[in-house]
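>>> Next comes the sequence, and after it the predicted model I'd like to discuss.
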Amino acid sequence: MRTHTNDHIGVWIRFYGPLNTLLSKERRGSSFIRYLPESTTVKDLIEGCGVPHTEVDLVLVNGRKAAFDDPVEGGERISVYPVFLNLEIPPSDRKQTRTLEFPSFVVDVNLGKLAGYLRIAGFDSLYRNDAMDKELIHTALEEDRMLLTRDRRLLMHRVIKAGYFVRSDQPVEQLEEILIRFDLFKQISPFTRCIHCNGQLEEAEKSDVLEQLEPLTRRYYHRFSRCKSCGQVYWAGSHRKRLNPKLRELLDIG
Ligand SMILES: [Zn+2]
């Protein structure tokens, strides 16, 4: 292969598994040559193909494990792997978290429904519909939260270590992606967190919340919880029946 032409350098690159969905069609599923005006880094090469570094678990350059900051000078063969839950890569070789033990998220502005669904599932999820990019990045770093976004550019910021590019535009499918990607099914704990403010819910005595209840609710419901942060009162009948059926099925809510 000619890897140097007209002062451009060329590398062979191949993306594996679901990373292909982030590539233009003609680049999917096989190696292609990428010509570059000058030497670059592994990270910039990969992201120049449209794949944020947060999606990549392992990079091999000429068969050897590489770091994102490693230089690419031309002539290399580069293989880029996504996070496979069931593929045994030694922990020291992985770039991404594959399971989250105590998941906490910060959710981009256009994913409000997803944020609500994550809260219904019991996951700590910060969301504001007017958050600026720099605020999202700051929160992700300061509070060690996973950044969830549909904006690849946001994930390409070098400082972002933990992030996920949400593929689907359907909120229930988005939640399912995240549960699968971070192996969270066992940690689902429905109705333990406030949908409105992300606060934790605690059990409340009926007598303590009586004033906040409509007459029919007072009559028919006896178990209540209340948000420790904003005081919102919840009861079993209040929201569950109206939830999206697919969401109820995904979260195994009867
Ligand atoms: Zn609340």
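All right, it came through fine. Numbers count the residues shown, from 1 in each chain.

>>> now Gly17: how far from Pro91?
Separation of Gly17 from Pro91 (CB to CB, to the nearest Å) stands at 19 Å. From N, CA and C alone the C-beta is placed, and that goes for glycine too.

>>> quick one: contacts for Leu201?
Phe191, Thr192, Arg193, Cys194, Ser225, Arg226, Cys227, Lys228, Tyr234 (CB atoms under 8 Å, 6 or more residues apart in numbering).

>>> Oh, that last question was meant for Arg14, not what I typed.
When the contact criterion is CB under 8 Å, 6+ apart, the partners of Arg14 are Ser30, Ser31, Phe32, Ile78, Ser79, Val80.

>>> Of those, just the buried ones, PyMOL syntax please.
To isolate in PyMOL the members of the contacts of Arg14 that are buried, counting by 16 or more other CB atoms under 10 Å, one can use:
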select buried, resi 32+78+79+80
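
>>> of the contacts of Arg14, closest to Val109?
The shortest approach to Val109 among the contacts of Arg14 belongs to Val80, at 28.9 Å (CB to CB).

>>> Let me know how buried the closest residue to the closest one other than its chain neighbours is, in neighbour terms.
With CB to CB, 6 or more residues apart in numbering as the measure, Phe15 is the residue that lies nearest to Val80, at 4.8 Å, once sequence neighbours are left out. For Phe15, the count of nearby residues is 27 (other CB atoms under 10 Å).

>>> how about Phe15, what does it touch?
Neighbouring residues of Phe15 by CB under 8 Å, 6+ apart: Leu22, Leu23, Arg27, Arg28, Cys49, Val51, Val80, Pro82.
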